[in-house]
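Build me a model:
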Amino acid sequence: MRDTVLKPLGMTNSSYEQPLPREWATRTATGHYADGKAVPGRWHIYPEMAAAGLWTTASDLARFEIGIQQALTAKSNPVISQVMTREMLRKQKDDAGLGLFLKGEGKGLMFLHNGRDEGFDAAIVAFANTGQGAVIMINANDNSGVCNEIMEAIGKEYHWH
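Got it, this is the predicted structure:
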């Protein structure tokens, strides 16, 4: 993953290494439960690497979004072809593409994904054709919907709806 995806997309602050090396661990946030209590040991290490093993930053997730947008327009993407990107952004079943959820169509096509690990919530949203998008990461399992509220505020500011 590091050599095939992360490095080529410039995701230099991302890793699947478990446990994290000491120099990375000092830069990470402590996860928190919905009640505000810290996750024992600061975070949980998951055995399922593909689903829960990525350590990343909001900036690196934005680079992932930009990589998809650039591949779609054939500007550049060292990881994925324009043809495969179109497949990723085509509804395969219900509102899901390949690895992403989809909303809208044409110029308004958005790809999105959210996630939760013990103590952390994250959400990405990007418009496939306009270059706009956002990433939100918080170090809490927040059941209040704050990530959605933040994303809606960004969308309102940038006239996404």
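
Would you map the helices across the chain?
22-25, 49-52, 58-72, 82-88, 146-157 (DSSP state H).

what's next to the second one, contact-wise?
The set of residues that contact helix 49-52 without belonging to it, under C-beta atoms under 8 Å, 6 or more residues apart in numbering, is Tyr16, Gln18, Tyr46, Asp117. Just so you know, the C-beta spots here come from the backbone N, C-alpha and C atoms, and that holds for glycine as well.

Using the neighbour-count criterion, name the buried positions in that helix.
Within helix 49-52, the residues that count as buried by 16 or more other C-beta atoms under 10 Å are Ala52.

What of the longest one?
Under the neighbour-count criterion of 16+ other C-beta under 10 Å, helix 58-72 has 60-72 buried.

In this structure, where is pLDDT below threshold?
161 (pLDDT under 70).

Please, where are all the strands along it?
101-103, 110-117, 120-127, 133-138 (DSSP state E).

C-alpha coordinates for stretch 101-112, CSV please?
Extracted in CSV, the C-alpha atoms of stretch 101-112 (Å, rounded to 0.1, in the frame of the first residue of the first chain):
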residue,chain,number,x,y,z
PHE,A,101,-20.7,5.9,-1.8
LEU,A,102,-22.2,8.1,-4.5
LYS,A,103,-24.7,10.9,-4.5
GLY,A,104,-26.0,12.9,-7.4
GLU,A,105,-25.0,12.6,-11.0
GLY,A,106,-23.4,14.6,-13.8
LYS,A,107,-21.6,17.7,-12.7
GLY,A,108,-23.2,17.3,-9.2
LEU,A,109,-21.8,13.7,-8.7
MET,A,110,-20.3,13.4,-5.2
PHE,A,111,-18.3,10.5,-3.8
LEU,A,112,-18.2,10.1,-0.1
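
quick one: that stretch to chain centroid distance?
Distance, stretch centre to chain centre, for stretch 101-112: 15 Å (C-alpha atoms, centre = their mean, to the nearest Å).

What of stretch 11-27?
17 Å.
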